[in-house]
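Asker: Any chance you can model this:
(one chain, ligands or ions: 1)
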Amino acid sequence: MIDFSLGEEQSALRELAREFAQREIAPRAADYDRQSKHPADVLEKAHQVGLMNMVVPEEYGGAGLGMFETCLVSEELCAACSGIGVAIVANTLALTPFLLAASAGQMETHVRPLCEGPHLAALCMTEPQAGSDVGAIRATARLSGDRYVLNGTKTLIDNGGVARLYSVFAFTDQEQGLRGLSAFAVPADLPGVSVGKHEDKMGQRAINTSEVIFQEVELPVESRLGAEGEGFSIFIETLNRNKAWIAASAVGVARRALQEATRYAQEREQFGRSISSFQAIQFKLADMAINIEGARLLSWHAACLVDQGAHHAPHSAIAKCFASDTAME
Ligand SMILES: Cc1cc2nc3c(=O)[nH]c(=O)nc-3n(C[C@H](O)[C@H](O)[C@H](O)COP(=O)(O)OP(=O)(O)OC[C@H]3O[C@@H](n4cnc5c(N)ncnc54)[C@H](O)[C@@H]3O)c2cc1C
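Answerer: Numbers count the residues shown, from 1 in each chain. The predicted model follows:
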């Protein structure tokens with residue numbers, strides 16, 4: 001049976017996120033966005049009420065919930081401010097390489113301490129010369145005795161300048177092409193790790209997006225997530241799994257746009273009537289509502305497939321594409 005009605009706990013979680021967004025995010029959104037200010041105070045409160053690290057198992061300090069619940073939270077937070085909302089939810093992205101490939105020991109060492117406070121992780125793949133073309137990255141992790149030595153510059157990293165932990169992708173064997181890519185857990189306080197340029201973005205300005213630089217960073221071999229050469233498959237699965245909540249964040253933005261447009265259409269009067277009484281305006285608002293409903297259902301469907309462990313890559317891509325196009329329109 002197909003059933004998209006929310007259970008009691010899911011409804012309560014959505015209500016919690018909605019109230020939190022209205023109380024803690026909405027009043028600060030314009031200011032933080034204008035200043036491109038990292039929302040540390042909001043993160044602290046979000047952590048207190050349990051809105052961070054939804055997909056991390058409870059034994060490691062997370063909420064032990066699924067991608068579906070992450071979508072519910074993401075939509076609500078991003079309807080108030082997509083920058084602050086994504087800053088709160090983005091640990092889901094950065095910690096997915098751990099959920100996919102970390103041992104119990106690595107989860108204890110890296111993930112549990114992170115989840116115990118309002119701390120952030122960041123996913124580091126993109127480099128100045130390598131965006132879509134992941135195989136063009138230049139970061140390397142050279143094995144030297146019982147350590148890897150990491151070198152590379154990562155760019156456009158969400159929460160990059162404020163994270164405590166990085167999941168970093170680098171070549172352990174460049175000769176092997178994408179099969180020579182590996183994933184690593186890199187604490188931000190290791191010698192050789194530094195933060196570079198802060199991106200002065202056009203949108204989502206309240207989330208810190210920065211360059212992160214790794215210079216001769218020594219990592220014990222236990223820092224590697226998964227086997228050598230598994231980095232590309234870990235990365236692709238990480239991207240695919242996270243498309244559902246990113247789609248939901250776009251649904252939040254689109255929903256807010258509809259709310260604001262409807263309010264304005266009802267307020268604004270021309271020819272002695274509210275412009276919302278004109279059918280041309282009603283058609284526009286109806287099209288927005290149709291696309292938002294469709295985008296939400298696509299994101300929920302993709303999230304359900306992720307939570308069921310079912311094949312989800314095309315559904316996740318469709319959801320992210322449709323929802324982000326809807327938000328941009
Ligand atoms: C706000 C923001 C936050 C980000 N956060 C992170 C993060 O936390 N961690 C991280 O690692 N990265 C992050 N990124 C980087 C993001 O993943 C890259 O922007 C993405 O990989 C695309 O790379 P690019 O911007 O260099 O575009 P390019 O790869 O240069 O692409 C430019 C254009 O060419 C098109 N194109 C490229 N290849 C093809 C192809 N084969 N066929 C057809 N068209 C193609 C693209 O669709 C695009 O329109 C972030 C980016 C932004 C903007």
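
Asker: ranges for the helices of the stretch 151-300 of the chain?
Answerer: For the stretch 151-300 of the chain, applying DSSP state H, counting those that start in this stretch gives helices covering 231-267, 279-308.

Asker: Residue 103: what's it in contact with?
Answerer: Residues near residue 103 by Cβ atoms under 8 Å, 6 or more residues apart in numbering: none. In this view, the C-beta of every residue, glycine as well, is placed from N, C-alpha and C.

Asker: any idea which element residue 9 lies in?
Answerer: helix 8-20 (DSSP states H and E).

Asker: what mean pLDDT does that helix have?
Answerer: Regarding helix 8-20, the rounded mean pLDDT is 97.

Asker: tell me which residues of it are tucked away?
Answerer: 13, 14, 16, 17, 18, 20 (16 or more other Cβ atoms under 10 Å).

Asker: Now the element after that helix, going C-ward?
Answerer: According to DSSP H and E, the helix or strand after helix 8-20 is helix 26-35.

Asker: Point me to the residue of the chain nearest the ligand.
Answerer: residue 131 (2.0 Å; Cβ to the nearest ligand atom).

Asker: which phi and psi does that residue have?
Answerer: Phi and psi for residue 131, reported as degrees, to the nearest 10, are phi -100, psi -90.

Asker: pLDDT score for the residue nearest to it when sequence neighbours are not counted?
Answerer: Distances taken as Cβ to Cβ, 6 or more residues apart in numbering place residue 156 nearest to residue 131, at 8.0 Å, with adjacent residues excluded. For residue 156, the pLDDT comes out at 98.

Asker: Could you tell me which residues make contact with residue 156?
Answerer: 126, 131, 199, 209, 211.

Asker: Try it again at 10 Å.
Answerer: Shown in contact with residue 156 (Cβ atoms under 10 Å, 6 or more residues apart in numbering): 124-128, 131, 197, 199, 201, 209-212.

Asker: distance of residue 89 from residue 203?
Answerer: According to Cβ to Cβ, to the nearest Å, residue 89 stands 16 Å off from residue 203.

Asker: Next: residue 52.
Answerer: In terms of Cβ to Cβ, residue 52 sits 22 Å off from residue 203.

Asker: So the two - more neighbours on which side?
Answerer: residue 52 (27 against 11; other Cβ atoms under 10 Å).

Asker: quick revisit: return the subset of the contacts of residue 156 lying in strands.
Answerer: 124, 197, 209, 210, 211, 212 (DSSP state E).

Asker: In PyMOL, select just the buried ones from the residues you listed.
Answerer: Listed next is the PyMOL selection for buried residues among these, using 16+ other Cβ under 10 Å:
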select buried, resi 124+209+210+211+212
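
Asker: give me the subset of the ones in strands among the contacts of residue 156 touching the ligand.
Answerer: 124, 209 (Cβ under 6 Å from any ligand atom).

Asker: still on that earlier bit, export the helices of the stretch 151-300 of the chain to JSON lines and tack on distance to residue 5?
Answerer: As requested, these are exported to JSON lines (distance: least, Cβ to Cβ, whole Å):
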{"stretch": "helix 231-267", "distance to residue 5": "17"}
{"stretch": "helix 279-308", "distance to residue 5": "11"}
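
Asker: okay, these, which one's buried deepest?
Answerer: helix 231-267 (a mean of 21; mean count of other Cβ atoms under 10 Å).

Asker: now the angle from that one to helix 26-35?
Answerer: Orientation of helix 231-267 against helix 26-35 (axes from the mean of the first three to the mean of the last three Cα atoms, to 10 degrees) gives an angle of 110 degrees.

Asker: So for helix 231-267, mean pLDDT?
Answerer: 98.
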